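Colleague: coords please:
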Amino acid sequence: MNKIYKHIASLSKFFKKMCFGLTKDEEAINDAVQELMLYFLQMNPETLKNIYDKDGEDGIIRYGAVVLKRSLTSVRSPFYYKYRKYYKNLVGMTHKNTSSSYDKIQNEYHNSIYNMPEQDQTEEAKWEKLERIDLILEKFHWYEKRMFELYYTEKNTFDSIAEKTGISRNHIFTTIQNTRNKIIKKIENE
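Modeller: Prediction:
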């Protein structure tokens, strides 16, 4: 298996080049390729061995291409939940986002709170916004606050929160959505 893992690691530059057909954001590409490498490591070893034995490097490349495409284009991918959902929702708190296109989300993200110097804003202003959200959360019920933190700060999915807490996924979704809406309303009223 070590031979297979070493071979997969040697393909990382190739996978990065492959991603440029989906997005030009180098940060997203690096994150997606790292997540792909982790995906291969966590994959069932027998399945990976079967792919490698049957098709060799070509099989690994084709399998990796599918995972990368799903990662960079689908809002249901683990990559999206782990890396992009949190930033999309931060952007959504400052203005409404009507598109689910990955590149549009990326553009909005990069033109929002984390690129403040380009908009004549300081690093301090960015943290003031995040602190304002934290202060608003402090006034909420502990349950709402904890669910919000589990979802946005700790980057859990609804399913993983449900598994950890024993609370239904639908109830968690409703709680987080209501908390988010309350935060947005408080920010708009300030």
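Colleague: ok, residues contacting stretch 37-44?
Modeller: Tyr5, Ile8, Ala9, Ser12, Leu48, Ile60, Gly64, Val67, Pro78 (CB atoms under 8 Å, 6 or more residues apart in numbering). All C-beta atoms are positioned from the backbone trio N, CA, C, and that covers glycine.
Colleague: between these, which has the most around it?
Modeller: Ile8 (23 neighbours; other CB atoms under 10 Å).
Colleague: how many other residues sit next to the closest residue to it other than its chain neighbours?
Modeller: Setting aside the residues directly before and after it, Ile8 is nearest to Phe40 in space (CB to CB, 6 or more residues apart in numbering), at 5.1 Å. As a burial measure, Phe40 scores 18 neighbours (other CB under 10 Å).
Colleague: Please report the distance of Phe40 from Glu138.
Modeller: 42 Å (CB to CB, to the nearest Å).
Colleague: What mean pLDDT does stretch 20-39 get?
Modeller: Averaged across stretch 20-39, pLDDT comes to 83.
Colleague: same thing with stretch 3-12?
Modeller: Mean predicted confidence for stretch 3-12 is 88.
Colleague: Residues contacting that stretch, please?
Modeller: Val33, Met37, Phe40, Leu41, Leu48, Lys49, Tyr52, Glu57, Ile60, Ile61, Gly64.
Colleague: Which strand or helix spans the last one?
Modeller: Per DSSP states H and E, Gly64 falls inside helix 45-73.
Colleague: go on, the third one?
Modeller: If you go by DSSP H and E, Phe40 is part of helix 26-42.
Colleague: Domain parsing of this structure, as residue ranges.
Modeller: Structural domains annotated on the chain: 2-73, 78-189, as defined by automatic domain parsing.
Colleague: remind me which residues of this structure are low pLDDT?
Modeller: 81-126 (pLDDT under 70).
Colleague: can you give me the helices for it?
Modeller: 2-10, 12-19, 26-42, 45-73, 78-79, 85-94, 102-110, 123-138, 142-148, 158-165, 169-189 (DSSP state H).
Colleague: With respect to burial, which of these scores highest?
Modeller: Most buried of these, by mean neighbour count (mean count of other CB atoms under 10 Å): helix 78-79, with a mean of 19.
Colleague: Just the residues contacting that one, thanks.
Modeller: By CB under 8 Å, 6+ apart, the list of residues contacting helix 78-79 reads Asp31, Ala32, Glu35, Tyr39, Arg70, Ser71, Leu72.
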